[in-house]
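# Quick one, what's the 3D model for this:
(one chain, ligands or ions: 1)
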Amino acid sequence: MHKKTQEITDLLIKAAEKARKETSGEPEPGLTSPINWPIDCVVGPGLEGAIACESKIGYVNGTKGWLIYRGYDIFDLCINSTYEEVSYLLLHGELPTEVQLKVYKKKLTQCFNVPETLRTLLSFSIEKMHPMAILRLGLNMLRQEFTKADQADHKPSADSSIATDADTIAMEFAPRGEEHAIFEFKKKKREEEEAAAGINSCYRLIGGAAAITAAMNRIRSGHFPIEADPELSFAANFLFMMTGKKPSVEEERIMDISLILHADHGMNASTFAAMVVASTLSDIYFSIGSGAAALSGPLHGGANEQVIHMLKEIGSVENVKPWFVKARKDKRKISGFGHRVYKAYDPRARILGPLAKHLAKQNKEFGPLFKIAKELEKEVVSSFGKEKKIFPNVDFYSGIVYHALGIPAEMFTPIFTVSRVAGWTARVNEYLENNRIFRPRAMYIGPFNKKYLNGNL
Ligand code: ACO
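Next comes the predicted model:
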């Protein structure tokens, strides 16, 4: 193993040991047996405590601080695995064999090829849109490009909106430092157009979301998109397509870990949103688009972007205390802290925190921001966090890690989305095996028997 990636693995092993030690006293989990519907459960506001379905995909235990995908502990997956293996695991239930992995990797690389989607996106004023809005639009375009869900003559005509050859899009002349750059996207030979369902659509969505996200980062920074390099891993390709330069082994490993960490997380708001849409038998592209819309909010995946803005607003370690006192007085939520389920330290933050520290040591410019973050963590935990069980969540350190990799803040939530498409698609597929349309109810507390009087108008 490369020395640099070994250092990272060592950090993860240490983080895992610390997590196990600190949570060993917590009670063993309950609520993990099959359900005999209907059931009684105590439901709080925001559906807290409601059990909506059974799942074999992932498990979150908020007091133990556990995150488990298909039986594997998140620490073990981050230490030993890759995003390709983990997304395969989520979708198929088992880790891939060597042959399966090879085939899957090839498929995912093919799924980075989304020329019509990118051409159509370029016809919008995407510089004026938030990247999450562009990504959501792009996910819809993928549906048009790859499925027969609508009649062919209803498809948007991408080619009419740009002045280039029908099957090519001009690339920047020579992406920085790349001898083997590909200068144009061509529509590659592909199998029959697919139905907007099935495992191929899941692969399309995983690869397509990455390609759209990477391309928009290029376009927003004044460059043309770059095609994937079939020799690279998913994480390396994602960084390559996003930045135009091949990542170092360390950057690749860090992105890979981050993708693994964000791939699934129980019945959170965005997963539930995707599943609700799927339960109507709407297609998987629409379902995943809904997941992305839900994830974009600042109380959910959008918090990672807010964290960086907040740390910059604080500005210095000395200003942490006065800023925090005012934030509490103003009853402001501190971005990147708290979680509906975790009442112990979020295991994802346990992993990303040391990674952020590792990057801070190497990067003088970024070091001060990390120090502000650490000071803020101390302040939050000691003042009310310990008592209310509010600790850093995944979004607190992920933004800092991406920032250290040179990625703009607006791109953080789209990156989160790229990874989470694996969990959303896996859970949607699982739910559809025993589908029942979601239909909770609201308690009506309005008036009855009001008389309609013309004079009211
Ligand atoms: N800052 C200050 N106080 C907080 C915070 C916070 N970040 N989080 C929770 N609290 C307080 C609440 O004010 C509330 O206090 P009270 O009992 O005095 O009324 C108590 O802790 C419980 O919090 P709720 O908001 O009821 O918790 P809920 O489960 O509804 O919300 C949430 C969870 C949305 C994550 C919340 O903690 C929050 O807003 N955090 C900041 C945004 C954020 O980081 N979101 C990312 C979450 S991770 C993810 O989605 C990928």
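
# mind checking which helix or strand the closest residue to K14 other than its chain neighbours is in?
Excluding its sequence neighbours, the residue lying closest to K14 (Cβ to Cβ, 6 or more residues apart in numbering) is P354, at 7.2 Å. Heads up, the C-betas are built off the backbone N, CA and C, glycines and all. P354 belongs to helix 347-362 when assigned by DSSP states H and E.

# What helices and strands are in contact with that helix?
Contacts defined by 3 or more Cβ pairs under 8 Å, 6 or more residues apart in numbering; DSSP states H and E place helix 347-362 against helix 3-23, strand 66-69, helix 74-80, helix 249-261, helix 367-380, helix 394-404.

# what's the angle from the first one to helix 347-362?
Computed by axes from the mean of the first three to the mean of the last three Cα atoms, to 10 degrees, the angle separating helix 3-23 from helix 347-362 equals 140 degrees.

# Identify the residues contacting helix 3-23?
Identification of contacts with helix 3-23 by Cβ atoms under 8 Å, 6 or more residues apart in numbering yields 1, 63-66, 73, 75-76, 78-79, 248-250, 253-254, 257, 344-345, 347, 350-351, 353-355, 358.

# Buried subset of these as a PyMOL selection?
Buried members of the contacts of helix 3-23, defined by 16 or more other Cβ atoms under 10 Å, are picked up in PyMOL with:
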select buried, resi 63+64+65+66+73+75+78+79+250+253+254+257+344+345+347+350+351+353+354+355+358
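
# wait, what's in contact with the residue in the chain that the ligand sits nearest to?
The chain approaches the ligand most closely through G338 (2.3 Å), counting by Cβ to the nearest ligand atom. Taking Cβ under 8 Å, 6+ apart, we find G338 in contact with I390, F391, N393.

# pretty sure the first one contacts E379?
No: with contact defined as Cβ atoms under 8 Å, I390 does not reach E379; the gap is 11.9 Å.

# Next up, the contacts around R348.
Residues counted as contacts of R348 (Cβ under 8 Å, 6+ apart) are L67, I74, L261, H262, N393, V394, S398.

# residues from the chain in reach of the ligand?
Residues of the chain found near the ligand (Cβ under 6 Å from any ligand atom) are 46, 299-301, 303, 333-340, 388, 390, 393-395.

# ok, of the residues you listed, which come out buried?
300-301, 303, 334-340, 390, 393-395.

# coming back round to it: what's the angle from the helix holding P354 to helix 394-404?
30 degrees.

# and helix 347-362, how far out from the chain's middle?
On the basis of Cα atoms, centre = their mean, to the nearest Å, helix 347-362 sits 18 Å off its chain's mean C-alpha point.

# swap in stretch 243-259?
16 Å.

# for that stretch, what is the average pLDDT?
Across stretch 243-259, the average pLDDT comes to 97.

# Just the residues contacting that stretch, thanks.
With Cβ under 8 Å, 6+ apart as the test, stretch 243-259 has contacts from 2, 4-5, 8, 12, 78, 82-83, 86, 172, 175-178, 217-218, 223, 226, 229, 232-236, 238-240, 351-352, 355, 359, 398, 401-402, 405-407, 415, 418-419.

# please redo it, this time with the cut-off set to 6 Å
Applying Cβ atoms under 6 Å, 6 or more residues apart in numbering, the contact partners of stretch 243-259 are 2, 4-5, 8, 78, 82-83, 175-177, 226, 235-236, 239-240, 355, 405, 419.
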